[in-house]
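Predicted structure and sequence below. I'll ask about it afterward.
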Amino acid sequence: MTYYLCTNKKPKNMRKLILALCILLPFTSIGVTPQPATGTKYSVKFKYVNTKMEQHKVSRMPVAPLCAFLCGNRLEFESYLCGSIIILYINNIEIFSATIDENGIVELPNELNGEFELRLYNGEKLYVSNISL
């Protein structure tokens with residue numbers, strides 16, 4: 001084995017194997033994550049809004065960011081957000097509200113179309129994002 005490492009002579013089968021692996025390597029990640037049947041899944045990132053008026057209780061630890069997925073009119077959240085409330089607004093007018101179910105899913109009505117401000121209330125914390133349906 002060391003003989004092949006120290007010289008430029010390599011077996012022809014080894015060259016074919018390396019060439020085949022180099023050709024097939026870019027194709028290994030294609031199709032790994034299947035797309036949902038209803039459409040494309042979009043990531044929705046939330047921004048934490050500090051609603052506390054008390055300035056002396058400033059935490060040095062940042063609040064963990066939230067992320068959800070929007071697929072058609074279906075919002076998918078992490079399971080630890082079950083029971084949290086979401087509200088859709090247009091120009092500060094409440095359009096729709098719902099509670100995240102035990103599976104972390106909220107089905108939005110099909111009649112909702114356009115740009116919305118999405119607010120998620122998780123206990124005392126408020127997270128805000130903009131979505132387009």
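All right, it came through fine.

Show me the contact partners of stretch 101-109.
Under the contact criterion C-beta atoms under 8 Å, 6 or more residues apart in numbering, stretch 101-109 has outside partners 73-79, 81-82, 86, 88, 96, 98-100, 133. No exception for glycine: its C-beta is placed from N, CA and C like everyone else's.

how long is it end to end?
Chord length of stretch 101-109, first to last residue, is 15 Å (C-alpha to C-alpha, to the nearest Å).

any chance you could map the helices in this protein?
Ranges of helices within the chain are 2-6, 12-24, based on DSSP state H.

if we can go back for a sec, quickly name whichever of the contacts of stretch 101-109 is closest to L120.
Among those, I86 lies closest to L120 (C-beta to C-beta), at 5.1 Å.

pretty sure that closest one contacts L118?
Yes - between I86 and L118 there is a contact under C-beta atoms under 8 Å: 6.3 Å.

Thank you kindly, that will do.
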